[in-house]
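1. Below: sequence and its predicted model.
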Amino acid sequence: MLFEPTVIEGMWKIRIERQTDERGSFGRIFCEDIFRERGLTARFLQISSSRTIKKGTIRGMHLQRSPSSEVKLVQCISGAIHDVVCDVRVNSPTYLAKAEIVLEESDDVLLYIPEGCLHGYQTLRPDSEVYYSISARYDPASACGVRYDDPTFDIKWPLTPVCLSDRDLSFPNYTNNFFGD
Ligand SMILES: Cc1cn([C@H]2C[C@H](O)[C@@H](COP(=O)(O)OP(=O)(O)O[C@H]3O[C@@H](C)C(=O)[C@@H](O)[C@H]3O)O2)c(=O)[nH]c1=O
């Protein structure tokens with residue numbers, strides 16, 4: 001597993017290294033020991049899949065508030081997505097930074113997204129599927145979000161947005177006291 005830093009402190013792009021032979025290949029997508037050695041969260045309580053039918057669909061920008069903050073390991077297993085993470089940890093050295101990374105099926109890349117960051121994505125192909133390993137239980141009461149077209153982050157979604165959920169459209173823009181601090 002190769003770990004590449006991103007523009008967000010504590011967020012990593014993880015590349016799977018495969019051993020290949022005439023049958024195909026084998027590669028590790030998670031290793032508790034390696035994650036622990038790197039000081040990363042190595043305990044994931046839920047693994048979920050999200051399938052999206054139409055290209056251009058946006059899901060985001062989401063996070064769960066403390067104490068249900070989540071680390072997410074994200075992988076696109078079919079299709080392709082434009083993935084976006086925004087750092088809204090007020091004490092982070094990369095506060096308000098934004099990471100935009102394309103994930104495609106078979107590209108052997110996972111994103112490790114630390115707690116306290118907004119996450120969302122736009123599908124770049126129809127029938128795209130994303131797997132998430134999540135470190136906290138799903139807690140709808142602590143789930144919140146920011147508008148996909150929020151001016152602070154000014155995300156340049158590559159395609160015309162389609163098919164946002166009513167919930168995503170109801171989110172506010174980001175403000176410095178988003179968490180009521
Ligand atoms: C996120 C989630 C949703 N659900 C349910 C609630 C609802 O009925 C249905 C769809 O939920 P949502 O509309 O929240 O799904 P979605 O908009 O895809 O939410 C996801 O977006 C991406 C960007 C993330 O980062 C994820 O962590 C998650 O927030 O699934 C669960 O049962 N468990 C879960 O962990």
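-> Nice, thanks for sending it over.
2. Spell out the secondary structure type for the residue nearest to Trp12 when sequence neighbours are not counted.
-> Setting aside the residues directly before and after it, Trp12 is nearest to Tyr112 in space (CB to CB, 6 or more residues apart in numbering), at 4.2 Å. The C-beta positions use only the backbone N, C-alpha and C, and glycine is treated the same way. Under DSSP: H, G, I helix; E, B strand; the rest coil, Tyr112 falls in the strand class.
3. in the sheet, who's paired with the residue most central in space within the chain?
-> For the chain, His119 is the residue whose C-alpha lies nearest the centre (CA atoms, centre = their mean; 4.8 Å). For His119, the beta-bridge partners are His62, Val85 (DSSP bridges).
4. Which residue ranges of this structure form helices?
-> Under the criterion DSSP state H, the chain contains helices at 32-37, 166-170.
5. For this protein, which segments count as strands?
-> Using DSSP state E, the strands of the chain run over residues 2-5, 12-15, 18-21, 24-27, 46-52, 58-64, 72-78, 80-87, 98-104, 109-113, 117-123, 128-134, 143-145.
6. for those, which one ends up most surrounded?
-> Highest mean neighbour count among these (mean count of other CB atoms under 10 Å): strand 117-123, with a mean of 25.
7. how big is the angle separating that strand from strand 109-113?
-> 150 degrees (axes from the mean of the first three to the mean of the last three CA atoms, to 10 degrees).
8. who touches strand 117-123?
-> Strand 117-123 is contacted by residues 8, 11, 52, 54-63, 72, 74, 79-89, 103, 113, 130, 145-146, 148, 153, 157-159, 161 when judged by CB atoms under 8 Å, 6 or more residues apart in numbering.
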